[in-house]
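J.: next input, structure requested:
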Amino acid sequence: MKKDFLFKTKRLNSTKEFKYPVIGLGAQSKTSLALARGREIFISEPCSDLNDAVEFEKFEYILKSFTDKFGVKNFAFDLHPAYNYRQLIYDYRLKGARGIKFFGIQHHQAHIASCMFENNLADKIIGVAFDGTGFGSDGNLWGGEFFTGNLKSFERAAHLNYMPLIGGQEAILEPWRIAAALLHGIFKDKLLNLKIDFVRGLDKKKWPVLRAMLEKKINSPLSSSAGRLFDAVSSLLGLVKAKITYEAEGPIKLENLAKNFKYSSLKGLYYNSKIKEDNGARIVDTREIVSGIVSDLKNGAGLEKIAFKFHNSLAGIILSTAELIRKTTSIDRIVLSGGVFQNKLLSSLTKALLTKKRFTVFEHLKLSPGDSSICLGQVVLADSMRR
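T.: Numbering: from 1, shown residues only. This next block holds a predicted model:
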């Protein structure tokens, strides 16, 4: 195990002082730890996956080094109950130590806070967090979120509609499950009659079992994730047919496909979507995007064009939702974070639309929009809570 990791950390200077040193434990994969003290923040080298024994040992070593060297007693952690480090919160060396405080930080709020900190933003903003999946305060898996607020508090202002992940983690490894669930939600029993390659290739023996799980809500958690929507669309287009062979395979292939599309105007290159109110919550209904893609596939539209229209549609969703929020809040500064914004095409389309409508757009400056920056947002929000 490395003994010199402190010399390999990223060091950020802070305009605010962290009176109470705090450690952010980050997320589950591609995650770093952050130590904030005084006017300095140290961000460790990343741990690729805490499910891996060696990587978890590395995580423990970094945590122990931070605590032993600086005597930190404030810790910020992700709300997800299945993250491997959660057990450390209770029975690691820290347990029973006098004055220890723990702060649970919502995953996507940490995303937004990290980007705000990098850009030295204190006033209220609209935060857009698009990523894979993170545990939400309502018990569902979030990932297509719109927030308003500042570093003292955030409010969930809107989100993408929930979709079921049949089999939970298995749906992430086999994204055709997500696509099939979305089609079932739209077309019901007519799903198998759709004249598209995805349905022709559907496992007719496995699907009835999965459909029963879906209808009986057995191991089919709900997710608002933009990343999972990317997975579903990549599967509909045949870019991933069975299990993924590497992380984010579908979204990466979908972006590369869309980049190849040549156009002279963006007019008409989008799918419709609706924003509806449900018990005071704004929900972006993406089902028309899915049904539009099915129509294009049936009519023989090129895959490059479909992939581009999907990207442009998501950029349009971000704009229309932000405009709706601005009408009631007068906030025109918007922060983009989350792993989905590693997609350069989506980011560029989104920034262009927002800027044209006089929004001021902020992105990460030194850190990735992915989960490696979660730890920074955690320490920033924990410091506000501690105060």
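J.: domain map for this structure?
T.: 5-119+368-386, 163-362 (automatic domain parsing).
J.: what's the closest non-adjacent residue to the spatially most central residue of the chain?
T.: Centroid check for the chain by Cα atoms, centre = their mean gives D131 as the closest residue, at 1.8 Å. Leaving aside its sequence neighbours, D131 sits nearest to G338 (Cβ to Cβ, 6 or more residues apart in numbering; 3.4 Å). Quick note: C-beta positions are derived from backbone N, CA and C, even for glycine.
J.: what ranges do the helices span in the stretch 51-200 of the chain?
T.: Secondary structure of the stretch 51-200 of the chain by DSSP state H, counting those that start in this stretch: the helices cover 53-70, 86-91, 107-118, 169-173, 176-187, 197-200.
J.: look up how far Y85 lies from N51.
T.: Distance from N51 to Y85, counting by Cβ to Cβ, to the nearest Å: 11 Å.
J.: returning to that earlier point: ok, the residue nearest to the centre of the chain touching S224?
T.: No. Using Cβ atoms under 8 Å, D131 is not in contact with S224; the gap is 10.7 Å.
J.: mutual contacts of these two, please.
T.: G143 (Cβ atoms under 8 Å, 6 or more residues apart in numbering).
J.: out of the domains of the chain, which is closest to S153?
T.: Nearest of the domains of the chain to S153, taken as Cβ to Cβ: domain 5-119+368-386 at 8.2 Å.
J.: returning to what we had before: quick one: residues contacting the residue nearest to the centre of the chain.
T.: So D131 contacts 108, 111, 143, 225-227, 338-340, 370-371 (Cβ under 8 Å, 6+ apart).
J.: contacts only, for R282.
T.: 146, 157-159, 275-276, 321, 324-325.
J.: taking the residues you listed one by one, which sit in strands?
T.: Secondary structure defined by DSSP state E assigns 146, 157-159, 275-276 of the contacts of R282 to strands.
J.: as TSV, the domains of the chain with mean pLDDT would be great.
T.: Output for those, formatted as TSV (pLDDT from 0 to 100):
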stretch	mean pLDDT
domain 5-119+368-386	89
domain 163-362	96
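J.: how many neighbours does L349 have?
T.: 22 (other Cβ atoms under 10 Å).
J.: tell me how far it lies from T355.
T.: 11 Å.
J.: quick check: which element contains K351?
T.: Take DSSP states H and E as the rule and K351 turns out to sit in helix 344-356.
J.: counting contacts, what elements does that helix pack onto?
T.: Where contact means 3 or more Cβ pairs under 8 Å, 6 or more residues apart in numbering; DSSP states H and E, helix 344-356 is packed against helix 249-259, helix 303-329, strand 333-337, strand 360-362.
J.: what is the third one packed up against?
T.: Using 3+ Cβ pairs under 8 Å, 6+ apart as the contact definition, the elements that strand 333-337 packs against are helix 107-118, strand 125-135, helix 344-356, strand 360-362.
J.: list the contacts of the shortest one.
T.: With contacts defined as Cβ under 8 Å, 6+ apart, strand 360-362 is touched by 115-116, 119, 121, 125, 332-336, 350-351, 354-355.
J.: same deal with the first one?
T.: Taking contacts as Cβ under 8 Å, 6+ apart, the residues outside helix 107-118 that touch it are 12, 14, 24, 27, 78-80, 125, 127, 129, 131, 134-136, 142-143, 145, 147, 150-151, 154, 335-338, 362-367, 369, 373-378, 380-381.
J.: so it versus strand 333-337, what angle?
T.: 120 degrees (axes from the mean of the first three to the mean of the last three Cα atoms, to 10 degrees).
J.: what number of residues lie near S313?
T.: With other Cβ under 10 Å as criterion, S313 counts 22.
J.: show me what contacts it?
T.: By Cβ under 8 Å, 6+ apart, the contact list for S313 reads 270-271, 273, 289.
J.: nearest to G238 among the residues you listed?
T.: I289 (17.4 Å).
J.: please, which helix or strand holds the closest one?
T.: Going by DSSP H and E, I289 is in helix 287-298.
J.: other residues contacting that helix?
T.: Helix 287-298 is touched from outside by 161, 182-183, 185-186, 194-198, 232-233, 236-237, 271-274, 305-306, 309-310, 313, with contacts defined as Cβ under 8 Å, 6+ apart.
J.: narrow these to those that are buried.
T.: With burial judged by 16 or more other Cβ atoms under 10 Å, the buried subset of those is 161, 182-183, 194, 196, 198, 232-233, 236-237, 271, 273, 305-306, 309-310, 313.
J.: sweet, I'm off.
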